[in-house]
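> Can you look at this prediction? I've put the sequence above it.
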Amino acid sequence: MPKAIKDLLQPAAAAELGKTGATTMSVSGGAKTGKSVGGGGGKGVVTMGSGNEKGKRESVWINLSPPDPFFYSNRAGENQLQDDDDDDDPNAALFFMEKDLYPGKLMKLDFSKNGNRPPFFTRHDADSVPFSSDKLPEILSEFSVDPSSDEAEVMKKTIQGCEQIIKSVKGEEKFCATSLESMIDFATSKLGKDVDAISTSAVETVVDNLRRYRIVRVKQMPPGKRVVACHLQQYPYAVFYCHKMAETSTVGYKVWMVAGEGSTQVEAVAVCHRDTAAWSPMHLVFQVNPGGAPPPVCHFLPVDHLLWVSKN
């Protein structure tokens with residue numbers, strides 16, 4: 001089971017998932033213990049069950065920064081492409097060219113993991129809590145979040161992002177999963193039940209935000225595979241923005257990298273989009289070759305994000 005799932009999985013969610021038999025991916029081990037679902041770090045707990053004496057859940061802590069770049073409309077800012085001349089800009093590591101995936105290549109990347117990650121709710125618990133803009137006051141009250149707070153604004157934007165009716169990129173289908181069961185249902189409905197779930201992982205905890213990594217090995221995944229990518233959003237419990245990508249224009253890679261003297265080792269998942277014609281014209285990739293065909297553009301999956309891949 002990918003660490004990206006294991007780290008967010010609590011006993012109640014694991015037990016509920018075990019009833020479904022939806023996928024060949026094992027979820028039987030490694031779940032944390034305890035009676036409440038916590039965001040970690042002691043800065044807030046989302047309690048399961050009946051809540052406190054007022055019928056509300058305890059106040060929650062939401063990671064506010066950096067904002068997640070993967071509620072994306074396929075656009076990038078002027079500083080979000082790998083640039084060997086810029087050592088300090090954390091945004092510079094977001095996108096890169098497929099031609100840059102080779103042993104010896106140096107990249108500025110952030111594979112740190114925030115300790116205050118939202119937990120999975122069971123499908124039952126997720127379905128019992130509203131998830132819509134018109135119910136925002138009720139949602140904020142449920143989680144004891146001040147309507148004037150930054151946390152409330154983040155929750156509002158996440159919900160609105162899930163509700164947006166955006167013209168999908170050619171070949172894409174999108175979905176916001178509010179539980180692990182619903183994420184698996186979406187992935188298996190698009191890929192079939194025989195799937196692999198993979199994620200970026202580090203041999204040891206990465207504590208520095210931005211480091212210079214050296215690629216030591218690159219392995220392309222079999223081409224033509226159907227894939228669903230799921231990106232963790234900012235919310236009191238785990239909400240993933242998932243999208244099925246066109247298998248004819250998307251290719252995945254496993255990339256092994258080291259930082260420093262090799263003490264930090266990362267096995268990363270990279271996704272490259274070879275057909276960007278339907279992307280926003282504001283995307284930086286169109287500035288790389290003005291007037292010509294845009295080159296394939298790639299990005300690494302952060303440690304809490306997932307790639308579901310059909311085995312067939």
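Everything's here; your move.
> Residue 265 reaches residue 201, doesn't it?
No. Taking contacts as C-beta atoms under 8 Å, residue 265 lies outside contact range of residue 201: 9.5 Å. Yep, even glycine has a C-beta here, placed from its N, CA and C like the rest.
> mind checking the backbone torsions on residue 295?
Residue 295 adopts backbone torsions of phi -80, psi 160, taken as degrees, to the nearest 10.
> got it, and residue 187?
Per degrees, to the nearest 10, the backbone of residue 187 is at phi -60, psi -50.
> Quick check: nearest residue in space to it, chain neighbours excluded?
Closest residue to residue 187 in three dimensions, ignoring its sequence neighbours and counting by C-beta to C-beta, 6 or more residues apart in numbering: residue 308, at 4.0 Å.
> tell me which element the one you found falls in.
Using DSSP states H and E, residue 308 maps to strand 306-310.
> which other helices and strands contact that strand?
Judged by 3 or more C-beta pairs under 8 Å, 6 or more residues apart in numbering; DSSP states H and E, the packing partners of strand 306-310 are helix 180-191, strand 195-198, strand 227-232.
> To residue 241, which of the ones you listed lies closest?
Within the helices and strands packed on strand 306-310, the stretch nearest residue 241 is strand 227-232; the backing value is 4.8 Å (C-beta to C-beta).
> Would you mind getting the angle between that closest one and strand 306-310?
Taking axes from the mean of the first three to the mean of the last three C-alpha atoms, to 10 degrees, one finds strand 227-232 and strand 306-310 inclined to each other by 160 degrees.
> so what strands line up beside strand 227-232?
strand 240-245 (antiparallel), strand 306-310 (antiparallel) (DSSP bridges).
> Make CSV from those and add mean neighbour count, mean pLDDT and distance to residue 196 to it.
Formatted as CSV, the strands paired with strand 227-232 follow (neighbours: other C-beta atoms under 10 Å; pLDDT from 0 to 100; distance: least, C-beta to C-beta, whole Å):
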stretch, mean neighbour count, mean pLDDT, distance to residue 196
strand 240-245, 22, 90, 15
strand 306-310, 22, 92, 5
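> can I get those strands in CSV with distance to residue 257?
Listed next are the strands paired with strand 227-232 as CSV, based on distance: least, C-beta to C-beta, whole Å:
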stretch, distance to residue 257
strand 240-245, 23
strand 306-310, 17
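> What's the mean pLDDT across stretch 272-283?
For stretch 272-283, mean pLDDT is 73.
> So what angle separates the directions of the top helix by length along the chain and strand 240-245?
Counting by DSSP state H, the longest helix found in the chain is helix 150-163. Angle, helix 150-163 to strand 240-245, by the same axes, to 10 degrees: 30 degrees.
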